[in-house]
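Asker: Pasted the sequence and its predicted model underneath.
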Amino acid sequence: MKNPLKLILIFVFISSILYSQERFWGLYPGWKINKANENNNGYTLIGSDTINQGYANTPIIINIDQYGNQESVVRYINDTVDGITTYSPNVYSFSDEYISVYGSYIEYYKDYNLFPILMTFNKTDFSLESIVNLKTYFENRSAIIWVQKESGNGKNILAGNVQYSRQSDAPTFFGFYDPITDTLIYKVYDAPSHCRMTPYQIFSTVDGGYLLSCEQDMTYSYPEEVYACILKLDSEGNEQWRYVVSDRIVETIYGPAERATYRPRIFDSPDGNFWLVWTDPRIITPTYMGGNDDCRVWIAKLTDNGDSCTLTEERDLMHEFDDPEQNWWLINDSYQAVDGTMYILLQNFWDYKSAMAKIHPNGVGAWFRTYKCYPEDVGSSYTYLKGMTATSDGGFMLTGGYLNHGTEIFPEGIIASVVFKVDSCGCFEEEGCNDHCMDSYSEHYVYMAEASVYPNPASDKITVSFDYQGGETEFEYKIYSLDGKAMQSGTFRAQFENLSVAPQCPLSVYDLPSGCYMIQFWGGGKIFTGKFVKE
C-alpha cells in the first residue's frame, strides 16, 4: 500500500512549485520584445522600437521588476554605422557585462542592400559601447543574420541569408565570427532557384558538427512552395547531407494537395537520435498557396546516418493536444529542458494569436496553450509572441508584440511590446489551468483592466482610480468620445504613500461637451480603462 503521508507531501510540494512561480502580463513601449534576460531584481527586455515603424526599427531596452512593473526604458533613435536606419534586429545574446545585438543597416534611403552590424550595449546603464560593421565580409551582398549561437571558444556561430541586390535567390550562410580578431569565416549553401532559404536554429551534435534547420521559401515563382529543410554540417561547416520535408498530402475541397512545411525545430531524443517538429499552415496549388484547413503540428524521429538521414515515426500531435482550435500555426521559438521535455512557441500565420506547447521527451504531446490580448475587441488585433525564455522559478517569459490598427477598444490604434510571464504549466492567470496542469488544451486572454471614475455623471471634475501597485509611475491618459475622437490627453504620475490604496488621478472635464466618454491610462506595463458621463 502506498504511503498516504508521502503522497500528501508530494502534492504539497508540487502545488508550492506551481503557485510560487510569478505570473503576469505587461504591455510596454516598442514594436516587439524579442528576448528576455533574468537579472537580480527582475528582467531585462530587448527588442525593436517604434520610432521608425515597419522594417526600420532601432533597439529598445526595458527593465521590469519580478512582477512585470516597468522600471526604466532606454530608446535609441539612430545608432547605425552610416546614420540612416536599421533593419529590425533578430538576434540577441546576453553575457555578464554586455548585450549583443545583430542587425542590419542601409547606406542611403531606398537602398536595396542590407548590411549586417553587431551592436554591443553595456548592461550597467545600457549605453551603446560599439558598432561593428560586417559589410566587407559579404562582398557587398545584402545579408541578414537570423540566428546566433555561442561556440564555447569565444566565437559566435552565425547563420543567415545572403543575396545580391534585388536577386530572388537568397541562400543560407553559416560561419564563425571572432569578436576579438574581428574575423568571419563562413560558407554559403546551394538553394533551389528563386528560393529564400532562411535558417531558424543552429543545433550542436555530439560529433562536433551541427544541424541547421531552415525554411525554403519559393514564393517568388510559380507554383509557390515552402518546405522545411535540415542541413547536416561538420565542425567546419561543410555540408554532409540535406533533408527536405515534402510530399505530405492533404485532402481539400479541390482534391489532394501537398502540404507546405514550415520552420522545423530540432530536439534531442532519449535514444540518441533527434526529434523534428514542424507545422503546415498552407497548401501548395498550381499557382498561389492557400490556407490549409487541416493545419497540424507534426513530429518525427530524425536519425543521422552519417552521409544521409531517415525520418520515421511521423505523426500529428494535435489530437494529443486535445485538438486546439484551427489557427494555421508557425513555430517562432523552441526550448528543451535538461530532462528532455520540449517546448515550442507558435503564432498564427496572420499574427492574430499565439500559443505555447509542451511535448514529453518520448515525443507525446502534453498540453497546448493559446494567448490573445483583448478578445473583447471585435476589431482586428494582433498578438504575436516571438521569443521564449526559461526562468529560474520553472516558468517562462514569452515576449513579442501587440498591434491594433484602431477599433472601439483602442480608437487611435496602438503598437506595443507584450510580455507574458507564465508558470511551468503555461498559465499566467491567478486562477486557470494550474490545478489541471495535465489538461491538454486551454485558452488564455488579457482583458482590459477597469478604472473607477467618480462622480459619474460628472459636471466639471472627475477622479479616476485604478488598481496598480507598481510604485511611482508616470501614466499617459487619453479621453475619447464614443465615436473614437481624442478629446483630452496628458500625463499623471502615480505616487504611493500606502501601497494598499489605489492611485487616484483628479481631472478637469469642464471643457468637454455633454456626452459619454472613455478614458484610458497606460503606464508601468498596464492599461486601465473606464467610462463616464459628462452632464
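Answerer: Ah, there it is. Numbers count the residues shown, from 1 in each chain.

Asker: so how many other residues sit close to T124?
Answerer: 8 (other CB atoms under 10 Å). From N, CA and C alone the C-beta is placed, and that goes for glycine too.

Asker: which residues does the residue lying closest to F176 once chain neighbours are set aside contact?
Answerer: Of all residues not flanking F176 in the chain, K155 sits nearest, at 4.8 Å (CB to CB, 6 or more residues apart in numbering). The neighbours of K155, taking CB atoms under 8 Å, 6 or more residues apart in numbering as the test, are F176, Y177, D178, P179.

Asker: Show the buried residues in the residues you listed.
Answerer: The neighbour-count test (16 or more other CB atoms under 10 Å) marks F176, Y177, P179 as buried among those.

Asker: any idea which element the second one lies in?
Answerer: So that's Y177. For Y177, the enclosing helix or strand under DSSP states H and E is strand 172-178.

Asker: what lines up beside that strand in the sheet?
Answerer: Its sheet considered, strand 172-178 pairs with strand 156-163 (antiparallel), strand 183-188 (antiparallel) by DSSP bridges.

Asker: Out of those strands, which is the most enclosed?
Answerer: Stretch with highest mean neighbour count among the strands paired with strand 172-178: strand 156-163 (a mean of 22; mean count of other CB atoms under 10 Å).

Asker: That strand - what's its average pLDDT?
Answerer: Mean per-residue pLDDT for strand 156-163: 93.

Asker: Mind listing residues that contact that strand?
Answerer: Contacts with strand 156-163, where a contact means CB under 8 Å, 6+ apart, come from 93, 100, 102, 116, 138, 141-151, 169-179, 184, 186, 188, 196-199, 202, 210, 212.

Asker: now swap in stretch 227-237 and tell me
Answerer: Here stretch 227-237 has contacts from 172, 174-176, 186-187, 189, 197, 205, 208-216, 218, 239-246, 260-264, 266, 276, 278, 302, 304, 309, using CB under 8 Å, 6+ apart.

Asker: Please check these and keep the buried ones.
Answerer: Buried members of the contacts of stretch 227-237, scored by 16+ other CB under 10 Å, are 172, 174-176, 186, 189, 197, 205, 209-216, 218, 240, 243, 245-246, 260-264, 266, 276, 278, 302, 304, 309.

Asker: Out of those, which sit inside strands?
Answerer: Secondary-structure check on the buried ones among the contacts of stretch 227-237 using DSSP state E: residues within strands are 172, 174-176, 186, 197, 210-216, 218, 240, 243, 245, 260-264, 266, 276, 278, 302, 304, 309.

Asker: burial measure for the nearest residue in space to Q504 that is not next to it in sequence, as a count.
Answerer: Here the nearest residue to Q504 in space, its sequence neighbours aside, is S465; by CB to CB, 6+ apart that works out to 4.8 Å. When counting by other CB under 10 Å, one arrives at 16 neighbours for S465.

Asker: residues contacting S465?
Answerer: A451, S452, Y454, A502, P503, Q504, C505.

Asker: Which of the residues you listed are buried, as a PyMOL select command?
Answerer: Remark: buried members of the contacts of S465, expressed as a PyMOL selection using 16+ other CB under 10 Å:
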select buried, resi 451+502+503+505
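
Asker: Next step: the contacts of S465 restricted to helices.
Answerer: Counting by DSSP state H, no part of the contacts of S465 is found in helices.

Asker: I'd like the buried ones among the contacts of K155 as a markdown table, with distance to I253 and pLDDT appended.
Answerer: Conversion of the buried ones among the contacts of K155 to a markdown table gives the following (distance: CB to CB, whole Å; pLDDT from 0 to 100):
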| residue | distance to I253 | pLDDT |
| --- | --- | --- |
| F176 | 49 | 96 |
| Y177 | 49 | 94 |
| P179 | 54 | 88 |
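
Asker: Format the residues you listed as a markdown table; extra columns: distance to Y43.
Answerer: A markdown table is the format used below for these (distance: CB to CB, whole Å):
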| residue | distance to Y43 |
| --- | --- |
| F176 | 30 |
| Y177 | 27 |
| P179 | 25 |
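
Asker: Just the closest of these to V364, please.
Answerer: In terms of CB to CB, no member of these lies closer to V364 than F176, at 36.9 Å.

Asker: May I have the beta-bridge partners of the closest one?
Answerer: In this entry, F176 is beta-bridged to I157, I185, by DSSP bridges.

Asker: Test my guess that it contacts L184.
Answerer: Yes. In this structure, F176 sits in contact with L184. The criterion is CB atoms under 8 Å, and the distance is 7.2 Å.

Asker: and Y112, that one's in a helix?
Answerer: No. When classified by DSSP: H, G, I helix; E, B strand; the rest coil, Y112 is found to be coil rather than part of a helix.

Asker: Relative to N348, how far out is F24?
Answerer: Note on F24: its distance to N348, by CB to CB, to the nearest Å, is 23 Å.

Asker: Tell me which of these two has more neighbours.
Answerer: The neighbour comparison of F24 against N348 (other CB under 10 Å) goes to N348, with 21 against 18.

Asker: The more buried one contacts W328, correct?
Answerer: Yes. In this structure, N348 is within contact of W328 by CB under 8 Å, at 5.9 Å.

Asker: Contact partners for G340?
Answerer: Under the criterion of CB under 8 Å, 6+ apart, the contact list for G340 reads F267, D268, S269, P270, P361.

Asker: how does it look with 7 Å?
Answerer: G340 makes contacts with D268, P270, P361, as judged by CB atoms under 7 Å, 6 or more residues apart in numbering.

Asker: Now the phi/psi pair for it, please.
Answerer: G340 adopts backbone torsions of phi 90, psi -10, taken as degrees, to the nearest 10.

Asker: Just the pLDDT at it, thanks.
Answerer: Each residue has a pLDDT score; the one for G340 is 97.

Asker: Roughly how far does it sit from Q201?
Answerer: G340 is 17 Å from Q201, where distance means CB to CB.

Asker: same question, V464
Answerer: Taken as CB to CB, the spacing of V464 relative to Q201 amounts to 47 Å.

Asker: Same check on Y76?
Answerer: Note on Y76: its distance to Q201, by CB to CB, is 28 Å.

Asker: got it, and N41?
Answerer: Separation of N41 from Q201 (CB to CB): 31 Å.

Asker: if you count what's nearby, which of those two comes out ahead?
Answerer: In this view N41 and Q201 are compared by other CB under 10 Å, and Q201 has more residues nearby, 22 against 11.

Asker: The more buried one belongs to a strand?
Answerer: Yes. Checked against three-state DSSP, Q201 lies within a strand.

Asker: Over to stretch 342-356 now: how far is its first residue from its last?
Answerer: Start-to-end span of stretch 342-356 (CA to CA, to the nearest Å) is 11 Å.

Asker: Same question for it: list its buried residues.
Answerer: Buried residues in stretch 342-356, counted by 16+ other CB under 10 Å: 342-349, 351, 353-356.

Asker: Now those residues in TSV, please, with extra columns for secondary structure.
Answerer: TSV is the format used below for those (three-state DSSP):
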residue	secondary structure
M342	strand
Y343	strand
I344	strand
L345	strand
L346	strand
Q347	strand
N348	strand
F349	coil
D351	coil
K353	coil
S354	strand
A355	strand
M356	strand
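
Asker: what sits up against stretch 258-268?
Answerer: Here stretch 258-268 makes contact (CB under 7 Å, 6+ apart) with 200-201, 203, 211, 213, 215, 225-228, 230, 245-250, 274-284, 289, 292, 330-331, 334, 336, 340, 342, 344.
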